[in-house]
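coordinates only, sequence not included:
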């Protein structure tokens, strides 16, 4: 609040004009949960099951066989190459509109295997309040995530108040084509851009065109985004969410395969970044649900 007061007070030496009040937020593990695996992987798993009837070869091919057997650890054991295979098989071959519709239906119906909540109900109430607070002070809020840009865009406006044009993420290649005489953007089975680690400042530059003055993340995958943001001139704010609450959520950091936070913990103090201790600092984790 002190930071916001300083950058919004026209009489302050730290005043920042409204067009330059850019705030970026990682999504997985920062705005919504990410355990036991990234939620986009759950989407890919459900897509494999839905598409399996048309792919008899998947019964014996990895990582598809492990997915169909319900062996999520087996999927993860096959490494990054296997995850890319899943994404290519389940996220491409559609138009962008068809893919967005598929994602929207999934987010409206699929539930987390441990909490039973819709995935879009596993967003962090304090972060929703932070987004609202910044926007009330004329900040423009963006998502900058390693997740798929077209996986997030169908639902971020309804859930976070962040419209699709303010979402930056990883992407597959696309092309323009006429399908049955109708113009369409087709999703191709080839990686276009990975918006993670050093890719995040690049994505910010490509999509936003302004260096943020506020950046929030939860893992070392966000390190370069916070570094880039807080290295700029004038008042800057870096925020890290540390998952310390094994009772209400999950506790993980240095040794986690998902959302690993190691270097960030070591260097946060010297860089002036604020670290949220979820167990100590948050009275509430999830939004309240209607009965």
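Received it, and whenever you're ready, just let me know what you need. Everything numeric in this text was worked out from a predicted model, so none of it was measured.

now do the lowest-mean-pLDDT helix or strand in the chain: everything it contacts.
Lowest by mean pLDDT, DSSP states H and E among the helices and strands of the chain is helix 72-77, with a mean of 86. Here helix 72-77 makes contact (CB atoms under 8 Å, 6 or more residues apart in numbering) with 36, 37, 41, 45, 62, 63, 66, 67, 82, 83, 86, 257. Quick note: C-beta positions are derived from backbone N, CA and C, even for glycine.

repeat for stretch 215-227
Taking CB under 8 Å, 6+ apart as the rule, stretch 215-227 contacts 23-26, 29-30, 127, 130, 144, 146, 196-198, 200-201, 204, 212, 228-230, 237-243, 259-264, 271, 273.

ok, stretch 236-255 next?
3, 29-30, 33, 35, 124, 127, 213-218, 222, 226, 229-230, 258-262, 264-265, 268, 271-280, 282, 285.

from those residues, list just the buried residues.
29-30, 33, 35, 124, 127, 213-218, 222, 226, 229-230, 258-261, 264, 268, 273, 275-276, 278-279, 282, 285 (16 or more other CB atoms under 10 Å).

show me those that map onto strands.
Those of the buried ones among the contacts of stretch 236-255 mapping onto strands are 214, 215, 216, 217, 275, 276, per DSSP state E.

out of everything not next to it in sequence, what's closest to the third one?
The shortest distance from residue 216 to any residue other than its chain neighbours is 4.1 Å, reached at residue 239 (CB to CB, 6 or more residues apart in numbering).

wasn't that neighbour part of a strand?
Yes - the assignment for residue 239 (DSSP: H, G, I helix; E, B strand; the rest coil) places it in a strand.

that one: neighbour count?
24 (other CB atoms under 10 Å).

switch to numbering from 28
Taking 28 as the first residue, the last one we looked at is residue 266.

so what sits opposite it in the bridge?
residue 243, residue 301 (DSSP bridges).

from residue 30, how far off is it?
10 Å (CB to CB, to the nearest Å).

shared neighbours, these two?
Contacts common to residue 266 and residue 30, judged by CB under 8 Å, 6+ apart, are residue 241.

name the SS class of residue 205, please.
strand.

I figured residue 178 hits residue 69, correct?
No - with contact defined as CB atoms under 8 Å, residue 178 does not count as touching residue 69 (11.2 Å).

what ranges do the helices span in the chain?
29-35, 66-78, 91-95, 99-104, 106-118, 123-136, 152-163, 176-179, 183-187, 226-234, 250-257, 290-298, 305-308 (DSSP state H).

which of the residues in the fifth one are buried?
Spelled out, it's helix 106-118. 109, 110, 112, 113, 114, 115, 116, 117, 118.

where in this protein is pLDDT low?
Applying pLDDT under 70 to the chain picks out residues 317-318.

now do 90
Applying pLDDT under 90 to the chain flags the ranges 99-110, 316-318.

picking that back up, and the furthest pair within the buried residues of helix 106-118?
109 and 118 (14.4 Å; CB to CB).

out of the helices of the chain, which is closest to residue 84?
helix 91-95 (8.0 Å).

centre of the chain to that closest one, how far?
25 Å (CA atoms, centre = their mean, to the nearest Å).

and that helix, what does it pack onto?
Helix 91-95 is packed against helix 66-78, helix 99-104, helix 106-118, with contacts defined by 3 or more CB pairs under 8 Å, 6 or more residues apart in numbering; DSSP states H and E.

got JSON lines for those helices, with distance to residue 144 too?
JSON lines is the format used below for the helices and strands packed on helix 91-95 (distance: least, CB to CB, whole Å):
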{"stretch": "helix 66-78", "distance to residue 144": "11"}
{"stretch": "helix 99-104", "distance to residue 144": "18"}
{"stretch": "helix 106-118", "distance to residue 144": "23"}
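
list the buried ones in stretch 249-265?
Quick answer for stretch 249-265 (16+ other CB under 10 Å): 249-257, 262-265.
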